[in-house]
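*Asks:* Return atomic coordinates for the entry below.
(chains A and B)
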Amino acid sequence: MSILHTVNKSPFERNALDSCLKFATDGSAVLLFEDGVYAALKGTAVEPHVSDALGRLKVYVLGPDLQARGFSAERIIEGISVVDYAGFVDLAAENGKVQAWL
Amino acid sequence: MSEVVKKFMYLNRKAPYGTIYAWEALEVVLIGAAFDQDVSVMFLDDGVYQLTKGQDTKAIGMKNFSPTFRTLGDYEVKKIYVDRASLEARGLTQEDLVEIAWEDFETEEEIENIVEVIDSARVGELMNESDAIFSF
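*Replies:* Down below sits the predicted model:
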């Protein structure tokens, strides 16, 4: 059964994203939200790590959290999809389980 | 008014909205401004995200406290520092940050932007020069 992995912590402060990317198996979905959205931005120290993962995982970022923090969709790494709250619900529904990397 | 002026540094290391630290720090800075001390506000690590331009929190149902930073100059906070290395690690430049103006009401001296991007070595020196550091 497929898993939706969620990450809501900054990749610069916690290792939640690292662990998520390490354990999420190929084809899984990863949603970045709250302070996790910083991992979706271009030009950061963690961008190479996230870009590598895009080859085997589907990565999404929650638009309202990006907007709150002052970033538009143009600042997002290519290959990451921006979703709204309804999209978040769809992802949770499409995947059998949700694993929250707190 | 107190005769002894101390150097207070407010040290911000947390991103806004994900936790309450950033908002609490700003509250304390504004309260502290009433005591006529020598105040500086330092942003490093994820704290630099507090100053990004264009924050719009409508869709997350939280108060957008970003505009309040622009009033710090009116509270006689004249020294706002940002660690350059923290910006660079996050793919940001000074262009991404809000500008905070300052004006001396008596002399009408004006500074367009008091947000200063500095090297990490300078951050350490400024911490050493402070009498008290309030950490958030």
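*Asks:* Only C-alpha atoms from now on, for both contacts and neighbour counts.
*Replies:* Will do.
*Asks:* what ranges do the strands span in chain A?
*Replies:* Here chain A has its strands, by DSSP state E, at A:3-7, A:29-32, A:58-62, A:81-83, A:97-101.
*Asks:* what lines up beside the second one in the sheet?
*Replies:* In other words, strand A:29-32. Applying DSSP bridges to the sheet, strand A:29-32 is found paired with strand A:3-7 (parallel), strand A:58-62 (parallel).
*Asks:* With respect to residue B:63, which of those lies nearest?
*Replies:* Set against residue B:63 and scored by C-alpha to C-alpha, the strands paired with strand A:29-32 come closest in strand A:58-62, at 18.2 Å.
*Asks:* who's in contact with that closest one?
*Replies:* A:27-34, A:37, A:40, A:79-85, A:88 (C-alpha atoms under 8 Å, 6 or more residues apart in numbering or on different chains).
*Asks:* Over to stretch B:60-76?
*Replies:* A:64-65, A:68, B:17, B:23, B:26, B:30, B:33-34, B:50-51, B:55-58, B:78, B:98-103.
*Asks:* looking at the sheet around the residue nearest the centre of chain B, what are its partners?
*Replies:* For chain B, the residue sitting closest to the mean C-alpha position, by C-alpha atoms, centre = their mean, is residue B:41 at 4.0 Å. According to DSSP bridges, the partner residues bridging residue B:41 are residue B:10, residue B:80.
*Asks:* wait, it sits on residue B:10?
*Replies:* Yes: assessed by C-alpha atoms under 8 Å, residue B:41 is found in contact with residue B:10 at 4.7 Å.
*Asks:* Residue numbers of chain A in contact with chain B?
*Replies:* Within chain A, the positions near chain B by C-alpha under 8 Å from any C-alpha of the partner chain are A:9-10, A:12-13, A:34-35, A:41-45, A:64-65, A:67-71.
*Asks:* run the last query once more with 7 Å
*Replies:* A:34, A:35, A:42, A:43, A:44, A:45, A:64, A:65, A:67, A:68, A:69, A:70 (C-alpha under 7 Å from any C-alpha of the partner chain).
*Asks:* the bottom helix or strand of chain B by mean pLDDT?
*Replies:* Within chain B, no helix or strand scores below strand B:102-103, which has a mean of 90 by mean pLDDT, DSSP states H and E.
*Asks:* Who does the residue most central in space within chain A form a beta bridge with?
*Replies:* For chain A, the residue sitting closest to the mean C-alpha position, by C-alpha atoms, centre = their mean, is residue A:32 at 2.8 Å. Beta bridges link residue A:32 to residue A:7, residue A:61, judged by DSSP bridges.
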